[in-house]
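Novice: 3D model of this:
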Amino acid sequence: MESEKTQTQIRVLPESPVLDQTTWLELDQNALRHNLAQILSLTFPNAQIMAVVKANAYGHGLLEVAQCLRNKVSYFGVASIEEALVLRNAGIGTPILLFGVPMGGAIEKAIRAEVSLAVSSVEQAREISDEAQRLKKPAVIHIKVDTGMGRLGIPKSSAVPAIAKIASLEMLQLEGLFTHFPQAEEIADPFTGGQIRIFNQILEESAEKEIQFPYCHAANSTGVVNHPEAHFNLVRPGLSLYGIYPHSSLKPKLPLKPVLSWRARVILVKKLARGESAGYGRTFTADSETVIGIVPVGYSHGYPFSLSNKGTVLFRGKSYPVVGRVSMDYIAVNFGPYFSAVRAGDVVTLLGRDGESEISAETLAEKAGTIPYEIVTQLSPSIPRIIR
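Specialist: Below you'll find the model as predicted:
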């Protein structure tokens, strides 16, 4: 049963947005559940889902997304103890795995909150074991093996003896063994195939030492689609959950629906005469009389500066260019000469669908010269997330 505190965390958007907001993010919970169902349709029957909700659920809103998925996934994956505690404090009891290496008092907080910890070294495992003994409370861990990512994890060459040492430590519950793929975008990729073989070998050699793991996981979003042999019994979809493709090759294989739309209100409409400019540096000068709408979003909200004179917004199903430099709090939209339909208070779409037109995170990333991950994770936490 939801607590009263939990119920007040989420705002549900009516047909017309609340009038006091100048910019907001709309989350389509049906799209989120559709994407989860599509991912589940590709997994082996025994593979469960760890929904990766780190980085504020890829910018979509940590608590909002977790509330929608809490009874539909087996695990949540987060990047910090602060994210884990937000979920626990909201009454979410779903198992949580804290990726990375916890520092300072994060280990104690994780053990007390029953948050599982990722382990990348014997030394880290000893630190967790010592803290668990001090607290007289077992710590649940997932051991990470570096099979080729070259980042976190125990090196593959020393993985089995290291796992044996960790297994001998007191007050540690070995719940998982996992690895990560750096390039799973292609089917039958030989490097990824090699990682999977190494991981299987480590599992087999650990089993020979009578070390078993309830959860074994390797597949991220691209791994789920392209490498079913890497599903094991848990998969870790991230970007694909939110209806965004980590690689264009996945589009024919995985029908997704974008979860997030970014809307804002025009706060001022004005005319520029020929020769007048808009924005810092005067990088846009009107070559004829035109109507400019000022929209209260900028790079402080996560709208990329690199979209200066490149971005577009949608209004009544049509696309209009962002002109001049993107500033900290504002962008200028050129609605064209003699355009009289736009008024202060009208809503434009910066990301998402309006009528038959759409601005996707992938398209915005291409224009900005970045990746869709950065587009959504840079969205300011101060922007209200509102669930439809």
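
Novice: from now on I want contacts and neighbour counts done on CA atoms only, so please keep to that.
Specialist: Fine.

Novice: find the nearest non-adjacent residue to residue 279, please.
Specialist: residue 324 (5.2 Å; Cα to Cα, 6 or more residues apart in numbering).

Novice: would you list the phi and psi of the one you found?
Specialist: When read as degrees, to the nearest 10, the backbone of residue 324 gives phi 80, psi -180.

Novice: show the pLDDT at it.
Specialist: Looking at residue 324, its pLDDT stands at 98.

Novice: cool, residue 81 as well?
Specialist: On the pLDDT scale, residue 81 gets 98.

Novice: ok, residue 186 next?
Specialist: 85.

Novice: which other helices and strands contact the strand or helix carrying residue 332?
Specialist: According to DSSP states H and E, residue 332 maps onto strand 331-336. Applying 3 or more Cα pairs under 8 Å, 6 or more residues apart in numbering; DSSP states H and E, one finds that strand 331-336 contacts strand 290-295, strand 318-323.

Novice: circling back to that earlier point, does the residue nearest to residue 279 touch residue 284 like I think?
Specialist: Yes. Using Cα atoms under 8 Å as the test, residue 324 is close enough to residue 284 to be in contact (4.8 Å).

Novice: now the common contact residues for these two.
Specialist: Among the neighbours of residue 324, those also in contact with residue 284 (Cα atoms under 8 Å, 6 or more residues apart in numbering) are 277-278, 309.

Novice: dump the residue contacts of the residue nearest to residue 279.
Specialist: 277-280, 282-284, 308-309, 331-332.

Novice: from these, which land in strands?
Specialist: If you go by DSSP state E, the contacts of residue 324 have 277-278, 284, 331-332 in strands.

Novice: now those residues in TSV, with distance to residue 379, pLDDT and neighbour count?
Specialist: Output for the ones in strands among the contacts of residue 324, formatted as TSV (distance: Cα to Cα, whole Å; pLDDT from 0 to 100; neighbours: other Cα atoms under 10 Å):
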residue	distance to residue 379	pLDDT	neighbour count
277	28	96	17
278	24	96	20
284	26	97	19
331	15	98	28
332	19	98	28
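
Novice: most widely separated two among those residues?
Specialist: 277 and 331 (13.0 Å; Cα to Cα).

Novice: what residues go with each domain of this structure?
Specialist: 29-242, 260-387 (automatic domain parsing).

Novice: got JSON lines for those domains, with distance to residue 22 too?
Specialist: Formatted as JSON lines, the domains of the chain follow (distance: least, Cα to Cα, whole Å):
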{"stretch": "domain 29-242", "distance to residue 22": "18"}
{"stretch": "domain 260-387", "distance to residue 22": "5"}
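
Novice: quick check, pLDDT for residue 18.
Specialist: 52.

Novice: and for residue 2?
Specialist: We note a pLDDT of 37 for residue 2 in this prediction.

Novice: low-confidence ranges, the chain, go.
Specialist: By pLDDT under 70, the weakly predicted segments of the chain are 1-19.

Novice: from the middle of its chain, how far away would the strand holding residue 332 be?
Specialist: Chain-centre distance of strand 331-336: 30 Å, with Cα atoms, centre = their mean, to the nearest Å.

Novice: ok, it: who's next to it in the sheet?
Specialist: Strand 331-336 pairs in its sheet with strand 290-295 (antiparallel), strand 318-323 (antiparallel), by DSSP bridges.

Novice: next SSE downstream of it?
Specialist: strand 347-354.

Novice: could you name the helices and strands sitting against that following strand?
Specialist: Against strand 347-354 (3+ Cα pairs under 8 Å, 6+ apart) you get strand 260-265, strand 312-315, strand 357-359, helix 361-368.

Novice: take these and write them to TSV, including mean neighbour count and distance to residue 44.
Specialist: Shown next, in TSV, are the helices and strands packed on strand 347-354 (neighbours: other Cα atoms under 10 Å; distance: least, Cα to Cα, whole Å):
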stretch	mean neighbour count	distance to residue 44
strand 260-265	23	28
strand 312-315	21	40
strand 357-359	18	33
helix 361-368	18	28
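
Novice: which one of the ones you listed lies closest to residue 183?
Specialist: helix 361-368 (18.5 Å).

Novice: neighbouring contacts of the closest one?
Specialist: 244-245, 304, 306-307, 310-311, 351-352, 371-372, 374-376.

Novice: mind giving me the ChimeraX command for buried ones among those?
Specialist: In ChimeraX, this line selects whichever of the contacts of helix 361-368 come out buried by 16 or more other Cα atoms under 10 Å:
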select :244,245,304,306,307,310,311,351,352,371,372,375,376
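
Novice: is it possible to get a markdown table of the contacts of helix 361-368 that adds distance to residue 140?
Specialist: Output for the contacts of helix 361-368, formatted as a markdown table (distance: Cα to Cα, whole Å):
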| residue | distance to residue 140 |
| --- | --- |
| 244 | 32 |
| 245 | 32 |
| 304 | 40 |
| 306 | 43 |
| 307 | 45 |
| 310 | 48 |
| 311 | 46 |
| 351 | 40 |
| 352 | 40 |
| 371 | 34 |
| 372 | 33 |
| 374 | 31 |
| 375 | 34 |
| 376 | 31 |
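
Novice: of the contacts of helix 361-368, which is the nearest to residue 260?
Specialist: residue 352 (6.6 Å).

Novice: list the contacts of that closest one.
Specialist: 258, 260-262, 358-361.

Novice: 6 Å instead, please
Specialist: Counting by Cα atoms under 6 Å, 6 or more residues apart in numbering, residue 352 makes contact with 261, 358-360.

Novice: which of the helices and strands packed on strand 331-336 sits most buried?
Specialist: strand 290-295 (a mean of 22; mean count of other Cα atoms under 10 Å).

Novice: circling back: what is the nearest of the contacts of residue 324 to residue 92?
Specialist: The shortest gap between residue 92 and any of the contacts of residue 324 belongs to residue 331, at 38.4 Å (Cα to Cα).
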